[in-house]
Every structure is written in C-alpha cells, then in structure tokens.
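Asker: sequence first, predicted model second:
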Number of protein chains: 2
Amino acid sequence: MSEIIVNSVAEGYSVATVGNLAEFNGKAFVKEVLGTSSMEVSLGSIGAGKSTPFAHHHKQNEEVYIVISGDAEFVLDGRREPVSSGSIVRVSPSVSRAIENKGNELLVYVCIQAKEGSLEQYTMTDGVVE
Amino acid sequence: MSEIIVNSVAEGYSVATVGNLAEFNGKAFVKEVLGTSSMEVSLGSIGAGKSTPFAHHHKQNEEVYIVISGDAEFVLDGRREPVSSGSIVRVSPSVSRAIENKGNELLVYVCIQAKEGSLEQYTMTDGVVE
C-alpha cells in the first residue's frame, strides 16, 4: 500500500506526496493530512480484473474523477462509460457509481468531492494576477 | 494544444477527456464542459525550462494541485517547495503561487479550486454504501 507523506507545512499551504503516481497502490485521503476545508481529495488504484468493492452515492457532495492511467468502465446508475488516461467524470450526489478495471494495467485515478452548488466564483472572477 | 472533448452527458453525470495525460499540452478547464457546481478543475502543463506566466492568488477559493509527471518547484509566498509525480499541494486563497518546471520533461498537473470552508461532511459522513 502506498502511503501519504507530509513534506512541508507552512502558513497558508502544505505539501505531501504519495510517490510516483504510475505505481500508486491502494487508497490515500488528503483532507486530514493537508488540512483542506473546501474539498476531500483521494488517490485510488484498482488492479487488473478488479472493481471497487461496492457501489456508492453521496448525500450532498459532487464528485469529479480524473483517470491517470489504465482502462476502466464507470458504472453510473447502471450505465457503462469507458474511461482511460485523461478521462474526467462529473457525478451528481445521488448517482450510484462503481468502477471496474477493464484493462491489463493498474488503474490509477484521482477523486475529488466538494459540496454541490458551493462554488460562487472561479478562475478570472476569483483569481488575482500579481 | 490539447483539447477537452465531451464523451457523454446524461442525467446526473458527464464524461469528457483530454487524451493521454502523459502527453497533455496546454491548459483545459472542466467546469463549463462538464457542468460542475462545487469546484473548477483544470489540467495544465509547463514545458522544460518554463514557468507559469505570472504568480496569482485567490479571493475565496482554496486550491489543491496534484503533480502527474515532471519535476518542478512551487513558489508559495516566496518559499520554494520541490514537487514531482504524486506531490499534492494545498494553497490557501491569499498565498501567492507560481510554478517553475525544473526538470527535462513536461510538467503535467491537475489544479482544483473550491470555496474555502465550504465542505460540511465527507467520505463516510457523506458517502452512502449501496
């Protein structure tokens, strides 16, 4: 199992690592380690021929999945969506979701959850160029 | 420049792709394409010897960066933090941030922004196993 290691904690930021993403193994949650307050971020992997151990949905959080490597199918309310490196999947809270690795390689992905409807402004309306 | 292509739009979810992340080139924003309401997600790349064109901070959004590949330094309120594949960086809104590619390969990263303090529950308190 890959571990998450804290590299640096400073006023206003923190840095950690799970090591080379291509070899990531297991599941690592970021919130408690880095102190995020707007989102939970996790890294996950699923071996060839394997699936998530259960389907799940959420009460109030939207999720976005980003596939780093591997080939899989997302099962979303029973519909199958093929994904591979560079796929990005948005899922509303109530949608049932599961992931099945359909390739011969390790599937590595990022999952982010944040409260549906909570973003008020973004990019050029929230960012300030210095 | 890599493009973001929509694969599927359905009730409660949407799927897009930017293609193989190892070869991602440029900047792609997800929100308008996938219809997220809790976060903005972007994919970014910086060539060897290059940096972000400017430093920036935010008004109300926390950011999390995940480095997919390459070697770089984050410059956070003037302090330098080395990062590579698997590094995860949390940045509070007011912190000045810039990225410098310090390796010989393309730097590819994910950036997520969401409203600081907006997450109310997560993981086992928000997720429902089916």
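Answerer: Arrived safely, thanks for sending. None of the values given here were measured: they were computed from a predicted structure.
Asker: what about the helices in chain A?
Answerer: Taking DSSP state H as the criterion, chain A contains helices spanning A:31-34.
Asker: most centrally placed residue in it?
Answerer: Ranked by distance to the mean C-alpha position of chain A (C-alpha atoms, centre = their mean), the top residue is A:Cys111 at 1.0 Å.
Asker: that residue and A:Asn61 touch, don't they?
Answerer: No - counting by C-beta atoms under 8 Å, A:Cys111 stays clear of A:Asn61, with 10.6 Å between them. Yep, even glycine has a C-beta here, placed from its N, CA and C like the rest.
Asker: if we can go back for a sec, how much space separates the residue nearest to the centre of chain A from B:Arg79?
Answerer: Note on A:Cys111: its distance to B:Arg79, by C-beta to C-beta, to the nearest Å, is 29 Å.
Asker: try A:Val67
Answerer: When C-beta to C-beta is the yardstick, A:Val67 and B:Arg79 sit 32 Å from each other.
Asker: quick one, which of those two is more surrounded?
Answerer: Higher neighbour count among A:Val67 and B:Arg79: A:Val67, with 22 against 14, using other C-beta atoms under 10 Å in any protein chain shown.
Asker: residues contacting the more buried one?
Answerer: In this structure, A:Val67 makes contact with A:Val83, A:Ser84, A:Ser85, A:Gly86, A:Ser87, A:Ile88, A:Val89, A:Leu107, A:Val108, A:Tyr109, judged by C-beta atoms under 8 Å, 6 or more residues apart in numbering or on different chains.
Asker: go again using 10 Å as the cut-off
Answerer: For A:Val67, the contact set (C-beta atoms under 10 Å, 6 or more residues apart in numbering or on different chains) comprises A:74, A:83-89, A:99, A:107-110, B:17, B:21.
Asker: same check, this time on A:Glu63
Answerer: Counting by C-beta under 10 Å, 6+ apart, the residues that A:Glu63 touches are A:39-40, A:42, A:56-57, A:89-93, A:95, A:97, A:111-114, A:116, B:13, B:36, B:38-39, B:126-127.
Asker: one more time with 8 Å
Answerer: Under the criterion of C-beta under 8 Å, 6+ apart, the neighbours of A:Glu63 are A:Arg90, A:Val91, A:Arg97, A:Cys111, A:Ile112, A:Gln113.
Asker: kindly report the same for A:Glu120.
Answerer: By C-beta under 8 Å, 6+ apart, the contact set of A:Glu120 is B:Gln60, B:Lys115.
Asker: phi, psi for A:Gln121 please.
Answerer: Main-chain torsions, A:Gln121, degrees, to the nearest 10: phi -150, psi 160.
Asker: any idea how far chain B is from it?
Answerer: According to C-beta to the nearest C-beta, to the nearest Å, A:Gln121 and chain B sit 7 Å apart.
Asker: for that residue, give its distance to B:Pro93.
Answerer: The span separating A:Gln121 from B:Pro93 equals 11 Å under the rule C-beta to C-beta.
Asker: hey, what's in contact with both of those two?
Answerer: B:Lys59, B:Gln60, B:Asn61.
Asker: who does the last one bridge with?
Answerer: In this structure, B:Asn61 bridges to B:Lys115 when assessed by DSSP bridges.
Asker: so it is in contact with B:Ile112, correct?
Answerer: No - judged on C-beta under 8 Å, B:Asn61 makes no contact with B:Ile112 at a distance of 9.4 Å.
Asker: about what we covered before: A:Gln121 and B:Pro93: who's more crowded?
Answerer: Neighbour totals were compared for A:Gln121 and B:Pro93, and B:Pro93 leads with 19 against 15 (other C-beta under 10 Å).
Asker: thanks a lot, catch you later.
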